[in-house]
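J.: return atomic coordinates for the entry below.
(one chain, ligands or ions: 1)
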Amino acid sequence: MDELNVVKVPLVVKDNACSTLLLSAQTTTTTLTTPNFLGYSSCKNSPVPTNATINDNQLPMPVFSKLQNPLPLHQPKDTDNTLCTTDKKTCSQINLCNGELKGNNTTQQNQSPLPKVQNKNSPNDQKKGTISLSHLPQRPPVDIEFRDISYSVTERRLHGVKTILKSVSGKFRNGEITAIMGPSGAGKSTLMNILAGYKTSQLSGSVLINCNERNLRRFRKLSCYIMQDDVLIGNLTVREAMMVSANLKLGKNMITYAKSVVVEEILDTIGLRESVNTLTCNLSGGQRKRLSIALELVNNPPVMFFDEPTSGLDSSTCFQLISLLRSLARGGRTIVCTIHQPSARLFEKFDHLYLLAEGQCMYEGRVRGLVPYLSSLGYECPSYHNPADYVLEVASGEYGEAVQKLVQAVKSGMCKKYTHKDYGVDLMAVNDIIKGGRNDIGKGSSTNTTNDVSTANEEMLSKQFVSITENKDKLADLQPPQPQAKQLQNSDRTVINMPCTNGMSNDDSCSYSSSKGGQSQNAVSGGTNAMVGCMTSLLDSHESVVTLPNKTGFPTSSWTQFWILLKRSFKTILRDRMLTHLRLASHIIVGALIGAIYYDVGNDASKVMSNAGCIFFTTLFTMFTAMMPTILTFPTEMSVFVREHLNYWYSLKAFYFAKTIADMPFQIVFSSVYVLVVYCLTSQPMELERISMFVLICVLTSLVAQSLGLLIGAGMNIETGVFLGPVTTIPTILFSGFFVNFDTIPGYLQWVSYVSYVRYGFEGAMVAIYGMDRAKLQCSTIYCHYRSPKKFLEEMSMDNALFWVDAVALIGTFFALRIIAYFVLRWKLHMIR
Ligand SMILES: Nc1ncnc2c1ncn2[C@@H]1O[C@H](COP(=O)(O)OP(=O)(O)OP(=O)(O)O)[C@@H](O)[C@H]1O
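T.: Coordinates of the predicted model:
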């Protein structure tokens, strides 16, 4: 069976998604030589007989869905364009699933997300665009085990310590979707943050990855955390957001075309095809959630954490989403979700349940073991009652002091038997149900109230929420992945043998067929699972987590990260029409207004005070218009940054430099436009040197103000920032030298004026206008006290001021604030943990 099986029908590679498998849509019956369950030809050992004939309505989802959107079909003459024609090229389709060209298994392949994209200069002389693509990087499957995790926080107000998690242990396996449930405040998010590596301080216990002590840095590269409030950059389209993710996460080894193929495949898979050109701010809640998942799927993380993924979604979208997560799990991933109160239909979609109450574990095991477990302890889930609701009622104390009883039961090992993945699998019984069409709902509710429930009753109870219509799915889903993996060990299918050093047997899920097991399951289970099965499987990988190179860096260099983020920032600023256009318009309009008010006062000795007011207002305006938008927008950008940084997209350094540089050109242009409008309308001296100096000092003031806004935005939330920004500015305005002369300020307060950047801005602007031995002003009245500009500067205590000192002071303040803001961001990141 080493011979490669070939699909006879023409297969056409789609231009922008080479992996799209097209079967002839013109016929309703398609003959395949060797399709696997998913309709993709397999290389070897296909479980389906050769020359099978399948009808469209038998075609599994991926193929069928392509048929519904037929692309130009043709019989390619050039065999390079076919996916499966010759031995060497045959495996393309399955490679799309498993990311590997057979016989091309180098260490490098295993370690990096390498596309196998034929370039122009391919030695095989293949046409440009001909692709044999490993569409996702290869990653090993991961089991997470945690032992005796305790977590406490110090409550300063109460001078005490609050213990949030009390010695909890458990294990989340690859190939499964785990729900962490419990009443509000039980510690679900805390546990997940700890497992995801977001919280690392004030905790004890150990987290094991594939039975080995977790290397946090390595683990963070293998995992992603999708938060409840999926903050996305609103002004990017779905495709653009995905490309940013791909560019950052897939590294420079992959050419742009290959990345776009990856992106298109994921978007197809996750159901965002229709929305690729929609701005993310216009997506629905469910679409946003799916995009959040798609963004993280780009580098194929084997572990995905979801904080309340269903919050804010309607029941149908919830169901679709959890089905999607389940399919991702079936691809070999470890999916962990916190969830509040799932419906019965949603609840049964989970494989594994971890129940927390008061920071302790109340149950850990199969979802279908929950009802029997509760029943065995005397808590009978009433008929037709959602077990998820019931267990939360129990955990909330509605049925008496149950928490300690259940916690003790867990500690004494009573729920051990429910943790086995084969628990409750009784295929015969399910078959009977299918045949007989009996609805067993309610049967299990029975009258059994004793603690010692018989096995038969337990199984009956476990089927309480299995609807008859879904029993076929169940049959497939209930198949444990492990035996299949074992069965495949001698075939060409890859089984990941993960090291088990602590005495655990392989039965304890340390071995798992990473990708195809998932596919097969999906194929059987069909529906949503099948739709995403192949595309989203973990890939064949001979590496294990412990042998992964201990590289600490990001997938791309700092320079690349900076460049990608800078381009993204530019794009989002330009597209933020409301803010960017408003900023520009406000600078022009206010400039014109000020110009109209102080029209032609610049050279009039009788209006020197008015002109000083105009200069002072100009300084203030450039300051406020630079600071406030940053205070308002930066906290939102911070949320995106925290998510992306903690999911290992890029470094803080790259983000910060990009952020710092991206907005500067806009600020410089806006401030300059305003200053020039005012300068001209108020008839200030038309000397190039003075104009340049005046514009420069105003721009510098605005950049310093922007830095202050960045600092406040980095350290505070919007509400606090909006208050703190203007409040901290008031003293700097007071000590600017406009309201009170420097000489008039009491000696012990004079130092404040040295830290007032507004003072440097105003002083520099005054020197630019009235300094440098400017000639006497025109006097339109009988007597003008300040005909001599020098005299006026003396009056303002600015006669000894040097423009360049003010400019350098502003530049220094700019750098100081930016550096402080950087460290505030670092501190914030540290505090999150
Ligand atoms: N930094 C902290 N200081 C004090 N208490 C904290 C802190 N962080 C968490 N807690 C407390 O720990 C408990 C568990 O919080 P956690 O967010 O993990 O609960 P949860 O189960 O996720 O709740 P919910 O379902 O409502 O989101 C809560 O009582 C919370 O008030």
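J.: quick check: end-to-end length of stretch 172-191?
T.: 12 Å (Cα to Cα, to the nearest Å).
J.: can you tell me if that stretch touches the ligand.
T.: Yes - using Cβ under 6 Å from any ligand atom, stretch 172-191 reaches the ligand at 182, 184-190. For glycine as for every other residue, the C-beta is placed from the backbone atoms N, C-alpha and C.
J.: buried residues in that stretch?
T.: 172-183, 186-191 (16 or more other Cβ atoms under 10 Å).
J.: is there proximity between the helix or strand encompassing residue 824 and the ligand?
T.: Using DSSP states H and E, the element containing residue 824 is helix 803-832. No - figure legend: helix 803-832 not in contact with the ligand (Cβ under 6 Å from any ligand atom); closest approach 9.8 Å.
J.: average pLDDT for that helix?
T.: Averaging pLDDT along helix 803-832 yields 91.
J.: and which of the residues of stretch 172-191 next to the ligand is nearest to residue 771?
T.: residue 189 (59.8 Å; Cβ to Cβ).
J.: which residues touch the closest one?
T.: 307, 338 (Cβ atoms under 8 Å, 6 or more residues apart in numbering).
J.: could you point out which element follows the host helix or strand of it?
T.: Under the criterion DSSP H and E, the helix or strand holding residue 189 is helix 188-196. Moving toward the C-terminus from helix 188-196, the next helix or strand (DSSP H and E) is strand 203-209.
J.: returning to that earlier point: among the buried residues of stretch 172-191, which lie within helices?
T.: Taking DSSP state H as the definition of helices, those contribute 188-191.
J.: pull the most distant pair out of the residues of stretch 172-191 next to the ligand.
T.: Farthest pair in those, by Cβ to Cβ: 184 and 190, 12.4 Å.
J.: who's in contact with residue 770?
T.: Residue 770 makes contact with 789-790, 792-793, according to Cβ under 8 Å, 6+ apart.
J.: for it, give me phi and psi.
T.: When read as degrees, to the nearest 10, the backbone of residue 770 gives phi -110, psi -10.
J.: mind giving me the packing neighbours of the helix or strand harbouring residue 639?
T.: Here residue 639 sits within helix 608-646, counting by DSSP H and E. Of the remaining helices and strands, those touching helix 608-646 by 3 or more Cβ pairs under 8 Å, 6 or more residues apart in numbering; DSSP states H and E are helix 577-597, helix 652-662, helix 664-681, helix 688-715, helix 718-734, helix 757-770, helix 803-832.
J.: related to what we said a few turns ago, got JSON lines for the residues of stretch 172-191 next to the ligand, with pLDDT and distance to residue 661 too?
T.: Output for these, formatted as JSON lines (pLDDT from 0 to 100; distance: Cβ to Cβ, whole Å):
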{"residue": "182", "pLDDT": "90", "distance to residue 661": "45"}
{"residue": "184", "pLDDT": "88", "distance to residue 661": "43"}
{"residue": "185", "pLDDT": "87", "distance to residue 661": "43"}
{"residue": "186", "pLDDT": "88", "distance to residue 661": "45"}
{"residue": "187", "pLDDT": "90", "distance to residue 661": "42"}
{"residue": "188", "pLDDT": "90", "distance to residue 661": "40"}
{"residue": "189", "pLDDT": "90", "distance to residue 661": "35"}
{"residue": "190", "pLDDT": "91", "distance to residue 661": "37"}
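J.: pull out the buried positions in stretch 811-822.
T.: 813-814, 817-818, 820-822.
J.: what's the answer for stretch 650-668, then?
T.: 650-651, 654-660, 662-663, 666-668.
J.: show residues contacting that stretch.
T.: With contacts defined as Cβ under 8 Å, 6+ apart, stretch 650-668 is touched by 248, 554, 556, 558, 561-562, 564-566, 568-570, 573, 580, 583, 626, 630, 637, 641, 644-645, 699, 702-703, 706, 710, 818, 821-822, 825-826, 829.
J.: got the end-to-end distance for that stretch?
T.: Start-to-end span of stretch 650-668 (Cα to Cα) is 27 Å.
J.: same thing with stretch 177-188?
T.: 15 Å.
J.: what ranges does the stretch 251-400 of the chain have for its helices?
T.: 256-270, 285-297, 315-330, 344-347, 370-376, 387-395 (DSSP state H, counting those that start in this stretch).
J.: re earlier: tell me the angle the helix holding residue 639 makes with helix 285-297.
T.: Helix 608-646 and helix 285-297 are oriented at 70 degrees to each other (axes from the mean of the first three to the mean of the last three Cα atoms, to 10 degrees).
J.: tell me the angle helix 608-646 makes with helix 688-715.
T.: Going by the same axes, to 10 degrees, helix 608-646 makes 40 degrees with helix 688-715.
J.: for residue 756, what are its contacts?
T.: Neighbouring residues of residue 756 by Cβ under 8 Å, 6+ apart: 731-736.
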